[in-house]
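Sequence below, structure please.
(2 chains)
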Amino acid sequence: MSHATSPRFKDNARAALADAELQNALKFVEVNFVARRREVADKLPEFDALRDSARDIKNHTLAHLDLYLEAYEAKVLAAGGHVHYAETAEDARRIILDLCKSFGAKTVTKGKSMVAEEIGLNDHLEANGIAPIETDLGEYIIQLRHEMPSHIIAPAVHLTKAQIEADFRRVHTHLPADRNLVEPTSLLAEARAVLREKFLAADVGITGANFLIAETGTSVIVTNEGNGDLTQTLPKAHIVLASIEKLVPTLEDMSQLMRVLARSATGQEMSVYTTLSTGPRRPVDPDGPSDYHVVILDNGRSSMLGGDFRDMLRCIRCGACMNHCPVYHAVGGHAYGSVYPGPMGAVLTPSLIGIDQAGHLPNASTFCGRCEEVCPVRIPLPRMMRSWREREFERHLSPLTVRTGLGLWGFFVRRPRLYGLATALMARLLALIGRRHGRFGWLPLASGWTRSRDFPAPEGATFQAQWKARSTKR
Amino acid sequence: MSARQSILGTIRRSLGVTGAEAPRRKAVADRIAGHPSGVIPARGQQPARERLDLFVAMVEAAAGSVARVQDFAAVPAEVSAFLRRHNLPMAAQRGADPLLAELPWERGGALEVSTARTQTNQLAAVSHAFGAVAETGTVVMLSGADNPTALNFLPDNHIVVLDAREVTGDYETIWQRLRDKFGAGILPRTVNLITGPSRSADIEQTLILGAHGPRRLHVILVEGDRP
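The predicted model follows:
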């Protein structure tokens, strides 16, 4: 998270809106993800009951997190694995680097892991002479471009295939220059061939985890490509990097969450590969890693348990909130300037890097509420964005114009009669002036609004006045 | 203080607990021992025949294919037929699974099925599933010498032999079978739940099969008795 550009959100968003290629790539998000989720949710009558169940399981686990962590750890040890604890991103980077060194690793393959992005693992390994290779196709593409993921489950969703073709030609220089890469299938085939060699050569495989199961000491990954499985099956050591809130009590609890995860994420009934890994390979196993290490990251989450943002720890990283977010649709993930974009990022990022750095993010919302409506674990995202806005205001971090505006508004709403008089006067005045066009292209003190859209002219009477009139009529 | 103690300490401070409270410890122990099921979709809860039909439909919806055969002796011919249909070499790899070992492979014609150590360029592999879940058309594979995990991912074509009696309605029945087989709280190194062939939609959300794992998943569903 060292390169967070969240403080520049407004500039980022403006640039994103003007980026024709990005806008072209983004148009797929709204259509595909939303329609597919709707379709599979409608096919499962129990879907909403499963969402309640998923929420309750997460709440129960968070309320007993210390004990489930202990139970999980005991099971990992019993299965012959190792557990490491990292309080900060820096600690996690150090632990993983030390482990890689202890295995004499030159290259490590990686399954897709948002926590690895959060701690900036790749840069750290690279700086210390170990080559990390992302193996999820989307992650591989953005690694070639030295970019952050722009979506938590579709990291390269901001790119067009022409851009990806150009990157492959730039990097895969050992292949014939005149090869045909027009179709997405040929791009995938090329990545598959290049990465197959890397899988076989890697010394260590690093994956994240969608779930950690306390009952059995198991880490679970959910993928569609199979890259995570090759990552954790072929090398001699498997390192799992997971944050504390990934814990679930039992296999049954995991199944409840699994039933809402893929449906909410990609709109699949089930992802192709759900893989449960428990400890290192057994003496009878012909394959699998000889060493199994789990690195458990806190990075501020244990403190979140005690505050207003505890519900955020229920998040299972499906991406439904960003798939349904009009702001995300307009600007994409990179504008948010941190690894977690969209509504879940607008709530989580301020917890990770501070509201002083990420203050724009909870403000980048229309409060339409679609994110909460589709969240599989029913996280009240709009309410939490509002909490961040309040904190920002309380800490005097909001810009002067906002503070003055809010102060002025506060003055009037505390005096209802004066408020009624003033708004009635304004509404009548604006209705009169705007009568001819029905809208304003410019208004004093409102250029922030009118710069990019018209302001509709009021009808003449305020909402309160109309309401009163209707009530008395009845 | 160790990082472990420090993290547990912060969690407990945030929750306002010490970790020693008997009711909390009991709640956790009870949940792990009792593993309540929660909401189970009605979709998979059907009589055997309908359950199998659902399983087949769900595998096909996930872009996999299914062949239904009457007995295990018919498996080799179906493996041959699958390879021929896709113009593949008449060779496949398998693990030491006793059921697969006993199959009359000579009935597969020119088919050669070997147990040599995983070749990365092997085009096809045959595995024997531990079970399957009709709800989503998912096959369940266990690691071990019988059916090495790498065979689920390295070959281009993965053929899964499945006993129809081991097709359950839901995942929960599989978890119980695993507890019965290995003991409570104990799993083999790897349990793979596989639903259709490998795919990616990372390029302009165009769905393409065969990303890193097999591009074809073919289930041979055996509805009759074992040999």
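
Regarding A:Ile153, which helix or strand does it belong to?
Under DSSP states H and E, no helix or strand contains A:Ile153.

mind checking pLDDT for the residue most central in space within chain B?
What sits nearest the mean C-alpha location of chain B, by Cα atoms, centre = their mean, is B:Val140, with 2.0 Å. Turning to B:Val140, the model gives it a pLDDT of 98.

Where in chain A is the helix or strand with the lowest mean pLDDT?
helix A:447-450 (a mean of 81; mean pLDDT, DSSP states H and E).

Name every strand pairing with the following helix or strand past that one and say which way it goes.
The element immediately downstream of helix A:447-450 (helix or strand, assigned by DSSP H and E) is strand A:455-456. Using DSSP bridges, strand A:455-456 pairs in its sheet with strand A:439-440 (antiparallel).

Now the strand it pairs with: average pLDDT?
In the prediction, strand A:439-440 has an average pLDDT of 86.

and it, how far from the chain's centre?
Its chain's C-alpha centre and that of strand A:439-440 lie 38 Å apart, by Cα atoms, centre = their mean, to the nearest Å.

now do stretch A:57-64
With Cα atoms, centre = their mean, you get 21 Å for stretch A:57-64.

Name the helix or strand for the most centrally placed residue in chain A, please.
Against the mean C-alpha coordinate of chain A, by Cα atoms, centre = their mean, the closest residue is A:Tyr340 at 3.9 Å. Here A:Tyr340 sits in a region with no helix or strand, counting by DSSP H and E.

neighbouring contacts of the least confident helix or strand of chain A?
A:Thr401, A:Phe440, A:Gly441, A:Trp442, A:Leu443, A:Phe455 (Cβ atoms under 8 Å, 6 or more residues apart in numbering or on different chains). Where you see a C-beta, it was placed from the backbone N, CA and C, and this is true even at glycine.

Check stretch A:465-474 too.
Residues contacting stretch A:465-474 (Cβ under 8 Å, 6+ apart): A:Gly420, A:Ala424, A:Ala461.

For the residues you listed, give me CSV that also has secondary structure, neighbour count and pLDDT.
What follows is these, written out as CSV (DSSP: H, G, I helix; E, B strand; the rest coil; neighbours: other Cβ atoms under 10 Å in any protein chain shown; pLDDT from 0 to 100):
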residue, secondary structure, neighbour count, pLDDT
A:Gly420, helix, 15, 89
A:Ala424, helix, 15, 90
A:Ala461, coil, 16, 87
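
Out of those residues, the closest to chain B would be?
When these are compared for distance to chain B (Cβ to the nearest Cβ), A:Gly420 wins out at 45.1 Å.

which stretch of helix or strand covers the closest residue to that closest one other than its chain neighbours?
Closest residue to A:Gly420 apart from its sequence neighbours, by Cβ to Cβ, 6 or more residues apart in numbering or on different chains: A:Gln464 at 6.2 Å. Here A:Gln464 is covered by helix A:463-473, with elements defined by DSSP H and E.

show me what contacts B:Gly64?
B:Gly137, B:Thr195, B:Gly196, B:Pro197, B:Arg216, B:Leu217, B:His218, B:Val219.

now, which of these lie close to chain A?
Filtering those for proximity to chain A by Cβ under 8 Å from any Cβ of the partner chain leaves B:Gly137, B:Thr195, B:Gly196, B:Pro197.

Cross those residues against helices and list the overlap.
Residues of these located in helices (DSSP state H): none.

Would you format these as a markdown table with distance to B:Gly183, neighbour count and pLDDT included?
Shown next, in a markdown table, are the ones next to chain A among the contacts of B:Gly64 (distance: Cβ to Cβ, whole Å; neighbours: other Cβ atoms under 10 Å in any protein chain shown; pLDDT from 0 to 100):
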| residue | distance to B:Gly183 | neighbour count | pLDDT |
| --- | --- | --- | --- |
| B:Gly137 | 29 | 26 | 98 |
| B:Thr195 | 27 | 26 | 98 |
| B:Gly196 | 31 | 28 | 98 |
| B:Pro197 | 33 | 24 | 98 |
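
Compute the distance from the centre of the least confident helix or strand of chain A to the centre of its chain.
30 Å.

can you dump the C-alpha coordinates of that helix into CSV?
The C-alpha coordinates for helix A:447-450 follow below in CSV (Å, rounded to 0.1, in the frame of the first residue of the first chain):
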residue,chain,number,x,y,z
SER,A,447,-19.9,25.7,-9.8
GLY,A,448,-18.7,22.4,-8.3
TRP,A,449,-22.1,21.0,-9.4
THR,A,450,-22.7,23.0,-12.6
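
Just the mean pLDDT for whatever helix or strand A:Ala330 lives in, thanks.
Take DSSP H and E as the rule and A:Ala330 turns out to sit in helix A:326-331. The pLDDT scores in helix A:326-331 average 95.

Only C-alpha atoms, please: export it in CSV.
C-alpha atoms of helix A:326-331 as CSV (Å, rounded to 0.1, in the frame of the first residue of the first chain):
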residue,chain,number,x,y,z
PRO,A,326,-22.2,3.7,-10.3
VAL,A,327,-19.1,5.5,-9.2
TYR,A,328,-16.9,2.4,-9.9
HIS,A,329,-18.6,2.0,-13.3
ALA,A,330,-17.7,5.5,-14.2
VAL,A,331,-14.0,5.7,-13.0
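
before we move on, back to that, the residue nearest to A:Gly420 reaches A:Thr423, doesn't it?
Yes. Applying Cβ atoms under 8 Å as the test, A:Gln464 and A:Thr423 come out as touching, 7.5 Å apart.

Counting neighbours, go ahead and name the busier of these two.
Higher neighbour count among A:Gln464 and A:Thr423: A:Thr423, with 17 against 14, using other Cβ atoms under 10 Å in any protein chain shown.

A:Pro458 is in contact with that one, correct?
No. The criterion here is Cβ under 8 Å, and A:Thr423 misses it with A:Pro458 at 9.3 Å.

helices or strands next to the next helix or strand after the helix holding A:Ala330 in the packing?
If you walk from helix A:326-331 toward the C-terminus, the next helix or strand you reach (DSSP H and E) is helix A:342-353. Other elements packing on helix A:342-353 under the criterion 3 or more Cβ pairs under 8 Å, 6 or more residues apart in numbering or on different chains; DSSP states H and E are helix A:320-323, helix A:326-331, helix A:355-358, helix A:360-363, helix A:370-374, helix A:381-394.

Give the other helices and strands that whatever helix or strand comes next after the last one contacts.
What it means is helix A:381-394. Using DSSP H and E, the helix or strand that directly follows helix A:381-394 along the chain is helix A:400-413. Applying 3+ Cβ pairs under 8 Å, 6+ apart, we find helix A:400-413 packed against helix A:381-394, helix A:416-433.

for those helices, which one ends up most surrounded?
helix A:381-394 (a mean of 18; mean count of other Cβ atoms under 10 Å in any protein chain shown).

Any stretches of chain B with poor pLDDT?
Applying pLDDT under 70 to chain B picks out residues B:118-121, B:225-227.

could you pull out the helices for it?
For chain B, the helices defined by DSSP H occupy B:3-15, B:22-34, B:48-61, B:75-85, B:98-101, B:171-182.

before we move on, what about the stretch 1-150 of chain A?
Taking DSSP state H, counting those that start in this stretch, the helices of the stretch 1-150 of chain A run over residues A:9-18, A:20-43, A:47-63, A:65-78, A:89-102, A:114-118, A:121-127, A:137-144.

Can I get these in TSV including mean pLDDT?
Shown next, in TSV, are the helices of the stretch 1-150 of chain A (pLDDT from 0 to 100):
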stretch	mean pLDDT
helix A:9-18	93
helix A:20-43	91
helix A:47-63	98
helix A:65-78	98
helix A:89-102	98
helix A:114-118	96
helix A:121-127	97
helix A:137-144	94
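
Figure out which of the ones you listed is closest to A:Ile355.
Proximity to A:Ile355, assessed across the helices of the stretch 1-150 of chain A by Cβ to Cβ, is greatest for helix A:9-18 (12.9 Å).

rewinding a little: just the pLDDT for the residue nearest to A:Gly420.
A:Gln464 carries a pLDDT value of 86.
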